[in-house]
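> Fold the stuff below for me.
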Amino acid sequence: MTFTSPRSNAGLRLAAAGGLLSLACAGGLGCGDAREPAPVAAAPAGMPLHHMTAAEYNTTVAHLLGTRLRPADSFPASGARGFDANASALATLPPVLFQGYYDAARQLAADAFSNDAQRAKILVCDPAAAAGAGCARDIIERFGLRAFRRPLEAAEVERYLAQYTRAVSALEMSPVEAVQLVVRTLLTSPHFLLRIELGPDPARAPGALNGYEVASRLSYLLWSSLPDDALFEAAARDELGAEDELLEQVDRMLADPKSAAFFQNFFGQWLGTRTLPSHTAEPTRFPLWSQELKGAMLDQANAYFAEFTTGERTWAEFLTAPHPESPLVAPLYADDPEGVRRGFLTLPAFLTLSSRADRTSPTSRAKTILAQLFCAPMAPPANMDIPELDAAGGDSVPADNVRKKLEKHRESPDCAGCHDLLDPIGLSLENFDPIGAYRTAYPNGDPIDATGVYDGRAFEDVAGLVPALEEAALAGTCPAEQLFAYGLRRSPTREDRREIAEIAARWGAGTVAALVKQVVTSEAFRLRHASGRAR
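Below is the predicted model of the structure:
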């Protein structure tokens, strides 16, 4: 296939190079003209230039170098709203991130050459034994393809080869040390650090992404990492423009262990489970609580998500499916009445994350359900002072009885509107304590009352509420909207609504894998936007 040359896009190269101008200067290498970084410009007719998320950086270097280092754990937070990978939040490179990239490249290059197994991922031949620079050229071309997620241009190869030769001759480095220096330089290139999509290719259909760009969109969607050899080979053969090939790649990639990143990053951000490791509960009140239990809750939740993605369960069962078994989580189920524990809403991970450390939070549980599963906007009215629930009713209302506290809270006209919507949903889950164990009474002995009325229908507990929630969930487009935003790395616009509705209709609440296939075969994923930016 014909690969679009980065040199044909002078504006893109200048934007990327300018955005990382001070990167080489961050380590005190004597650069006298370092400037403050400017916001990264949008590539002509392509996705806005943006850097990888911290999770993507760690995963990418792990697959590229075989390292166990996680340098991005110390990078500054992006401050993104919604998904971390939203390009608008990743379009600027603050100086502290420059320094982080520079330090990480130095550590990673040293680590990559610290043992034979890792060196073997880079040294496809022995530069010390080969005559001339042929071996070094081969190493640069092969490593550069993976690092830049596209083939290097001839001029780029010559530039890195000149650095290698200079290191051997002028700096008296060994051939292996010189390769390590080139690797370090590649790891500070904007073509490694940024997700770059080039301008239109006249050899392709109007608006079509080239094969390497599609490969990267797929790999960062499902693996949060660079493409593997099979994707690179499909891109080189120009096969990723075919719908059948995309569908086969989705099946292959979801079956790969690297798809764990999809559960951790897509589901983990959409449904909040990635924050579980930092959640706390009061161990004096909940003696079952421990780090091991917390880890087991997360593993169980990811196993649940997998059943809807790589398994056969459809989205229609998301609120009713049985839970994966977990010996460490099993004690939380010990007092369950028969049939009470089914579906996402009674997973200990969800129940715990939507609670406070010392008590349940029906309002938080309801807001999470409506905002995350139904994509309902839940922002409070502007300039509204929302009092703490614990203050409602004063000492006359037992602090342990959340329902009575909420009744007092709802007496305020300012609070009643929201609570009339939220309380029935949240209180339906009151039989589950702050770490997800079943209970029939509050700590003060008051009996739990999980009854309510939702959408004109009375229910006894969450099991009676679920049918109404199911109907609303199946009629909506929230899962399609969430995956669209995650895969396209931006918030959907008004113009996207029709395509999202079409994706949801074609999907028909099937498996999540089927939804992935609908998104990756959509025009938004495969084509550039006619207005000059990625769909």
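> so where's the stretch 351-500 of the chain uncertain?
Low-confidence segments of the stretch 351-500 of the chain (pLDDT under 70): 378-399, 407-419.
> now the strands for it?
Assigned by DSSP state E, counting those that start in this stretch, the stretch 351-500 of the chain shows strands spanning 452-454, 457-459.
> ranking these by burial, who's on top?
strand 452-454 (a mean of 16; mean count of other C-beta atoms under 10 Å). All C-beta spots, glycine's among them, are computed from the backbone N, C-alpha and C.
> Measure how far it is from the centre of its chain, please.
Centroid separation between strand 452-454 and its chain, computed with C-alpha atoms, centre = their mean, to the nearest Å, is 35 Å.
> and it, which strands flank it?
strand 457-459 (antiparallel) (DSSP bridges).
> what comes into contact with the strand it pairs with?
428, 451-453, 464-465, 468 (C-beta atoms under 8 Å, 6 or more residues apart in numbering).
> same thing but 6 Å
With contact meaning C-beta atoms under 6 Å, 6 or more residues apart in numbering, strand 457-459 is reached by 465, 468.
> just stretch 161-178 next, same as before
127-128, 133, 136-137, 140, 181-182.
> With just CA atoms, put that stretch into CSV.
Taking C-alpha atoms only, stretch 161-178 is exported to CSV below (Å, rounded to 0.1, in the frame of the first residue of the first chain):
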residue,chain,number,x,y,z
LEU,A,161,21.2,6.0,11.5
ALA,A,162,23.5,9.1,11.5
GLN,A,163,22.9,9.4,15.3
TYR,A,164,24.0,5.7,15.7
THR,A,165,27.1,6.2,13.5
ARG,A,166,28.1,9.4,15.4
ALA,A,167,27.7,7.7,18.7
VAL,A,168,30.0,4.9,17.7
SER,A,169,32.6,7.0,16.0
ALA,A,170,32.6,10.4,17.9
LEU,A,171,31.4,9.3,21.3
GLU,A,172,33.2,5.9,21.2
MET,A,173,30.1,4.0,22.3
SER,A,174,29.8,0.3,21.6
PRO,A,175,27.3,-0.6,18.8
VAL,A,176,24.9,-1.8,21.5
GLU,A,177,25.2,1.4,23.5
ALA,A,178,24.7,3.4,20.3
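> Need the mean per-residue confidence for that stretch.
Stretch 161-178 shows a mean pLDDT of 96.
> That one: which residues count as buried?
Going by neighbour count (16 or more other C-beta atoms under 10 Å), the buried part of stretch 161-178 is 161, 163-164, 167-168, 173, 175, 178.
> what's the most distant pair in these?
Within the buried residues of stretch 161-178, Leu161 and Met173 form the most distant pair, 14.3 Å apart (C-beta to C-beta).
> Could you export the buried residues of stretch 161-178 as TSV, including secondary structure and distance to Ala242?
Listed next are the buried residues of stretch 161-178 as TSV, based on DSSP: H, G, I helix; E, B strand; the rest coil; distance: C-beta to C-beta, whole Å:
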residue	secondary structure	distance to Ala242
Leu161	helix	35
Gln163	helix	39
Tyr164	helix	38
Ala167	helix	43
Val168	helix	44
Met173	coil	46
Pro175	helix	42
Ala178	helix	41
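> Between those, which sits nearest Phe266?
Distances from Phe266 to the buried residues of stretch 161-178, taken by C-beta to C-beta, are shortest for Gln163, at 38.4 Å.
> returning to what we had before: can you tell me which of the buried residues of stretch 161-178 is closest to Leu373?
Nearest to Leu373 among those, with distances taken as C-beta to C-beta, is Gln163, at 52.1 Å.
> For Gly211, which of the strands of the stretch 351-500 of the chain is the nearest?
Comparing the strands of the stretch 351-500 of the chain under C-beta to C-beta, the one sitting nearest is strand 452-454, at 49.2 Å.
> Which residues does that closest one contact?
Against strand 452-454 from outside (C-beta under 6 Å, 6+ apart): 424, 427-428, 465, 468.
> Could you do stretch 105-120 as well?
By C-beta under 6 Å, 6+ apart, stretch 105-120 touches 61, 65-67, 69, 180, 183-184, 187-188.
> Show me what counts as buried in that stretch.
Those would be 105, 107-109, 111-113, 118-119, for stretch 105-120 by 16+ other C-beta under 10 Å.
> and Ala72, what is it in contact with?
Residues in contact with Ala72, defined by C-beta under 6 Å, 6+ apart, are 54, 57-58.
> Kindly reformat the residues you listed as JSON lines containing pLDDT and neighbour count.
What follows is the contacts of Ala72, written out as JSON lines (pLDDT from 0 to 100; neighbours: other C-beta atoms under 10 Å):
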{"residue": "Ala54", "pLDDT": "93", "neighbour count": "20"}
{"residue": "Tyr57", "pLDDT": "97", "neighbour count": "23"}
{"residue": "Asn58", "pLDDT": "97", "neighbour count": "23"}
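> Out of those, the closest to Leu353 would be?
Ranked by distance to Leu353 (C-beta to C-beta), the contacts of Ala72 are led by Ala54 at 20.8 Å.
> How much space separates the residue nearest to that closest one when sequence neighbours are not counted from Asn302?
Distances taken as C-beta to C-beta, 6 or more residues apart in numbering place Ala72 nearest to Ala54, at 3.8 Å, with adjacent residues excluded. Distance, Ala72 to Asn302, using C-beta to C-beta, to the nearest Å: 21 Å.
> quick one on the thing from earlier: could the strands of the stretch 351-500 of the chain be laid out in a markdown table, adding distance to Arg490?
Shown next, in a markdown table, are the strands of the stretch 351-500 of the chain (distance: least, C-beta to C-beta, whole Å):
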| stretch | distance to Arg490 |
| --- | --- |
| strand 452-454 | 34 |
| strand 457-459 | 38 |
